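>>> sequence plus predicted model, see below.
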Amino acid sequence: MKAVGYKQNLPIDNVNSLQDIEIEKPKATGRDILVEVKAISVNPVDYKIRANRPAPNENWSVIGWDATGIVTQVGEDVTLFKVGDEVWYAGDLKRQGSNAEYQVVDERIVGKKPSSLSFVEAAALPLTSLTAYEMLFHRLQVSKDDANKSILVIGAAGGVGSILVQLAKKLTKLNIIATASREETTSWLQELGADTVVNHRHKLSEEFEKYNLPAPEYVVSLNATEQHVDEIVKLIKPQGKFGFIDDPKVMNVMPFKGKSVSTHIELMFTRSMFQTEDMIEQHNILNEVSALIDKGIIKTTVAENFGTITAENLRKAHAFLETGKAKGKIVLEGF
């Protein structure tokens, strides 16, 4: 089968950083389903793995953690899906990724694709939806009914922020304060439901003062956490909750002690990596988000379609994501 992979960790401007390859088609056994991949999207995890994780024993490493497709085979223990079902999922960091014509994936981390979206529209959402939902409701344990609290979402215009703002708007009564730095991304966040958008190029405490904003009970930092942590300490309400998803080189949580702020890290891959007993929660989340989309409550966050799934197009997608200027999600479709 066709796939895109790498053998060496190389800069994205090197043509060998991602290559068009042929590899063996996998088979579904146990709780795995075999999916014919129709569309994918690209996330920061893709370029981080490509640049830093060695390929296994001179073999090709195939990455990609967001896909939609059709079930073509099911393992003997599968109960949630049948051949012909249209599905969406993010996948498992420990297994072959979705930059391939076919992929095996555990049914417990797969959901029913929204019927109202095309394969390519839906491909933008699995990883970011799981990350945003788990952060809000599993890590920060946000109440869906508390109308007296605020959440600050830093770096909100990217893939995770674009869905997190929508989930917070539609499923909770929180006052949503989002950050952006460009006119285009500010408008995007207002459209998605942010009550206030402030500029993270300025000191956040000064922005809060300028707009007379309340101290947030919840703060979510989606990128550049190291740059913002001092301001978060100043702003967050005592006994608040702080969550982040990026990879700070150093993260000193001690300044939060005075305010008894709890700190939470969200990694969407934890459940599949460790085969946790509640792994099926990802199946449930994806089905819930799928239903919200089909009811018109949540919309897709596709911003750029980079064409067919080839090494050349994926190199372009990685290069664009590495600039940090992406709004919404980059998608590719078909081989």
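Sure, I can see it.
>>> where exactly do the helices run in the protein?
Counting by DSSP state H, the chain has these helices, from start to end: 44-52, 119-122, 126-133, 159-171, 183-192, 204-210, 225-235, 270-273, 281-294, 311-322.
>>> mind putting those helices into CSV with mean neighbour count and mean pLDDT?
Where C-beta positions appear, they are placed from N, C-alpha and C, glycine not excepted. Shown next, in CSV, are these (neighbours: other Cβ atoms under 10 Å; pLDDT from 0 to 100):
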stretch, mean neighbour count, mean pLDDT
helix 44-52, 18, 93
helix 119-122, 22, 95
helix 126-133, 27, 96
helix 159-171, 24, 94
helix 183-192, 17, 92
helix 204-210, 16, 95
helix 225-235, 18, 95
helix 270-273, 18, 97
helix 281-294, 19, 98
helix 311-322, 20, 95
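>>> tell me which of those helices lies nearest to Gly5.
helix 311-322 (8.5 Å; Cβ to Cβ).
>>> who's in contact with that closest one?
With Cβ atoms under 8 Å, 6 or more residues apart in numbering as the test, helix 311-322 has contacts from 4, 12-13, 15, 17-20, 42-44, 46-47, 50, 99, 304, 306-307, 326, 330, 332.
>>> could you tell me which of those belong to strands?
Those of the contacts of helix 311-322 mapping onto strands are 4, 19-20, 42, 304, 330, 332, per DSSP state E.
>>> now the buried members of the residues you listed.
Buried members of these, scored by 16 or more other Cβ atoms under 10 Å, are 4, 19, 42, 304, 330, 332.
>>> returning to what we had before: can you list the helices of the chain in JSON lines and add distance to Arg95?
Formatted as JSON lines, the helices of the chain follow (distance: least, Cβ to Cβ, whole Å):
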{"stretch": "helix 44-52", "distance to Arg95": "12"}
{"stretch": "helix 119-122", "distance to Arg95": "21"}
{"stretch": "helix 126-133", "distance to Arg95": "14"}
{"stretch": "helix 159-171", "distance to Arg95": "21"}
{"stretch": "helix 183-192", "distance to Arg95": "32"}
{"stretch": "helix 204-210", "distance to Arg95": "39"}
{"stretch": "helix 225-235", "distance to Arg95": "28"}
{"stretch": "helix 270-273", "distance to Arg95": "8"}
{"stretch": "helix 281-294", "distance to Arg95": "14"}
{"stretch": "helix 311-322", "distance to Arg95": "18"}
